[in-house]
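1. predicted model and sequence follow; I will ask about them next.
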Amino acid sequence: MIHISDKRDCCGCGACVQRCPRQCIALREDREGFLYPCVNPEECVGCGLCEAVCPLAGPAEKELPKEALAVKNRDAGERMSSSSGGVFVALARKVLARKGVVFGAAFDGKWEVRHTHAETLGDVRPMMGSKYVQSRMGNCYREAERFLEEGREVLFSGCPCQIAGLHKFLRRDYPNLLSVDVLCHGVASPKVWRRYLDEAFRSSGAVITGIDFRNKSMCGWKDFSLVVRGKYDTETGGDRVLLSDRHYENPFLRGFLSDICLRPSCYACRCKNGASRSDLTLGDYWGVQTLMPDFDDDKGVGLVLVNTGKGKAAWGGLDMEVRPAALEAAARFNGGFKEEVRPYPERGRFFRMAGAGESVEAAVGECLSVSLCRRIEWKARSIAAYIVGKSRWDKRLWRMDNDIQGEG
């Protein structure tokens with residue numbers, strides 16, 4: 001029987017819930033807004049399958065990437081609609097052309113994030129773009145297994161922990177599965193996101209019709225904006241832009257990017273850097289303006305890690321601009337490679353304030369506004385922790401880069 005005594009030991013992927021033969025496990029939301037498994041002991045038969053499929057149960061063997069690439073979709077519209085280089089939609093189109101199925105995260109009717117599947121390009125488009133909130137997996141692992149058993153190709157995308165959970169759930173390798181994870185900063189609380197939407201829009205009568213966490217059209221790819229579209233119930237006509245905040249201005253994104261509202265397991269992720277067993281890893285090629293200035297147009301460049309032979313084969317026939325990338329250099333610009341991040345010191349206070357009824361904007365503003373002395377103290381501790389861990393991290397990156405070059 002699965003039992004979570006430390007919340008850092010659960011990523012909320014739901015593999016245990018979906019694999020339980022008695023269906024006696026349910027996910028329940030805690031006070032911070034994250035889902036954790038709850039077992040009905042009267043129904044449990046002690047088969048142990050829930051523990052066997054948990055991606056955080058025991059150490060995972062890591063697979064080093066075979067190749068690192070800088071990538072841009074040649075279709076300008078698709079690239080502008082994507083968070084970075086427009087890679088996901090190109091992969092999805094190829095799978096769909098072969099009557100395959102694509103799984104990914106999309107907004108539901110309440111603008112919460114859920115995993116779902118698509119069999120048309122129109123249904124894939126809502127999966128494009130980043131969603132900085134943990135998605136509910138629902139029954140997607142079961143559905144993917146059914147499609148795979150039917151012999152259909154499946155592209156399954158998600159955070160590293162969700163892909164690790166998928167592979168543990170399936171318990172065997174499927175040649176018709178292409179698994180794709182992302183360079184993940186962590187996932188924010190769905191409850192905090194709900195509260196933010198209620199306070200900023202719904203309480204004033206706004207009807208939301210579109211949300212883009214990484215809008216590039218306003219200020220470019222590097223200086224991305226959170227854009228919300230809709231209209232107020234007193235207005236007539238079509239929708240309009242209700243909000244356009246640069247990432248460092250918006251209270252929700254400020255909290256997320258400061259690591260104040262991440263899931264506890266995200267602060268020491270056990271599924272990154274090859275542990276998820278994904279075929280491909282997608283991310284932003286931050287630092288491209290320094291590393292490949294002639295390749296940068298501020299419309300988005302993707303960083304792709306090719307982890308398996310299956311992942312390499314998936315590239316065939318894609319209409320992309322591709323350049324080899326130096327993994328160690330790219331990793332220094334992208335925090336998604338970091339397996340451990342220090343929780344923001346005011347994290348606990350933030351959730352206490354939010355739980356006591358303070359608005360998200362007020363709680364973020366107060367918790368991020370700290371004295372200069374405290375900021376210096378935190379920075380000193382952060383630098384010390386970085387120095388301690390840097391040697392181990394540099395050795396791993398050096399080995400990854402040398403393995404890639406050796407295979408090249």
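-> Cool, got the structure. Numbers count the residues shown, from 1 in each chain.

2. with only the CA atoms kept, save the helix or strand harbouring I163 in CSV.
-> Element membership of I163 [criterion: DSSP states H and E] is helix 160-170. What follows is helix 160-170, C-alpha atoms only, in CSV (Å, rounded to 0.1, in the frame of the first residue of the first chain):
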residue,chain,number,x,y,z
PRO,A,160,10.0,14.7,-16.5
CYS,A,161,8.1,13.2,-13.6
GLN,A,162,5.0,12.5,-15.7
ILE,A,163,7.1,10.7,-18.4
ALA,A,164,8.9,8.7,-15.7
GLY,A,165,5.5,7.8,-14.3
LEU,A,166,4.3,6.7,-17.8
HIS,A,167,7.3,4.4,-18.3
LYS,A,168,6.9,2.9,-14.8
PHE,A,169,3.1,2.5,-15.4
LEU,A,170,3.6,0.7,-18.7
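
3. just checking, next helix/strand downstream of that helix?
-> strand 177-182.

4. all strands of the stretch 151-300 of the chain, in order?
-> For the stretch 151-300 of the chain, the strands defined by DSSP state E, counting those that start in this stretch cover 154-158, 177-182, 206-215, 225-232, 240-246, 280-284.

5. so R342 is in contact with D259, correct?
-> Yes - contact criterion Cβ atoms under 8 Å: R342 and D259 qualify, at 7.5 Å. In this view, the C-beta of every residue, glycine as well, is placed from N, C-alpha and C.

6. list the residues that contact both of these two?
-> Y267 (Cβ atoms under 8 Å, 6 or more residues apart in numbering).

7. could you list the low-pLDDT ranges of the stretch 101-250 of the chain?
-> For the stretch 101-250 of the chain, no stretch has pLDDT under 70.

8. okay, now the residue nearest to C269 when sequence neighbours are not counted: neighbour count?
-> Leaving aside its chain neighbours, C269 sits nearest to E339 (5.3 Å; criterion: Cβ to Cβ, 6 or more residues apart in numbering). Neighbours of E339 under the rule other Cβ atoms under 10 Å: 16.

9. how about S179?
-> Using other Cβ under 10 Å, S179 has 28 neighbouring residues.

10. can you tell me how far it is from Y285?
-> Taking Cβ to Cβ, to the nearest Å as the measure, S179 falls 21 Å from Y285.

11. do the same with A26
-> With distances taken as Cβ to Cβ, A26 is found 40 Å from Y285.

12. the more surrounded of those two?
-> Higher neighbour count among A26 and Y285: Y285, with 28 against 14, using other Cβ under 10 Å.

13. distance of G122 relative to G129?
-> Per Cβ to Cβ, G122 is found 15 Å from G129.

14. and W286, by the same measure?
-> To G129, W286 is 17 Å away according to Cβ to Cβ.

15. check L178 too.
-> Here the distance between L178 and G129 works out to 20 Å (Cβ to Cβ).

16. look at these two and report which has more neighbours.
-> Each of L178 and G129 has its neighbours counted (other Cβ under 10 Å); L178 has more, 25 against 21.

17. tell me the bridge partners for that one.
-> L155 (DSSP bridges).

18. you'd agree it is up against V95?
-> Yes - the criterion here is Cβ under 8 Å, and L178 meets it with V95 at 6.9 Å.

19. any common contacting residues for these two?
-> Shared contacts of L178 and V95 (Cβ under 8 Å, 6+ apart): 153-155.

20. got a list of what the residue sitting nearest the centre point of the chain touches?
-> Nearest to the geometric centre of the chain sits C159, at 4.2 Å (Cα atoms, centre = their mean). C159 makes contacts with 181-182, 184, 187, 271, as judged by Cβ under 8 Å, 6+ apart.

21. identify the farthest-apart pair in those residues.
-> The largest separation in the contacts of C159, counting by Cβ to Cβ, is between D181 and V187 at 12.7 Å.

22. so those two - more neighbours on which side?
-> Taking other Cβ under 10 Å, D181 and V187 do not tie; D181 has more neighbours (29 against 24).

23. quick one: contacts for that one?
-> 157-160, 162-163, 271, 276, 278, 280-282.

24. can you map out the helices along the stretch 1-150 of the chain?
-> For the stretch 1-150 of the chain, applying DSSP state H, counting those that start in this stretch gives helices covering 15-19, 49-52, 76-80, 87-97, 121-124, 140-149.

25. give me the neighbour count for D296.
-> D296 has 19 neighbouring residues, counting by other Cβ under 10 Å.

26. wait, F201 touches I208, no?
-> Yes - here F201 lies in contact with I208, judged by Cβ under 8 Å, at a distance of 5.9 Å.

27. what touches both of the two?
-> Jointly contacting F201 and I208 under the rule Cβ under 8 Å, 6+ apart are 228, 230, 242.

28. please report how far the second one lies from F252.
-> Think G230. Per Cβ to Cβ, G230 is found 16 Å from F252.
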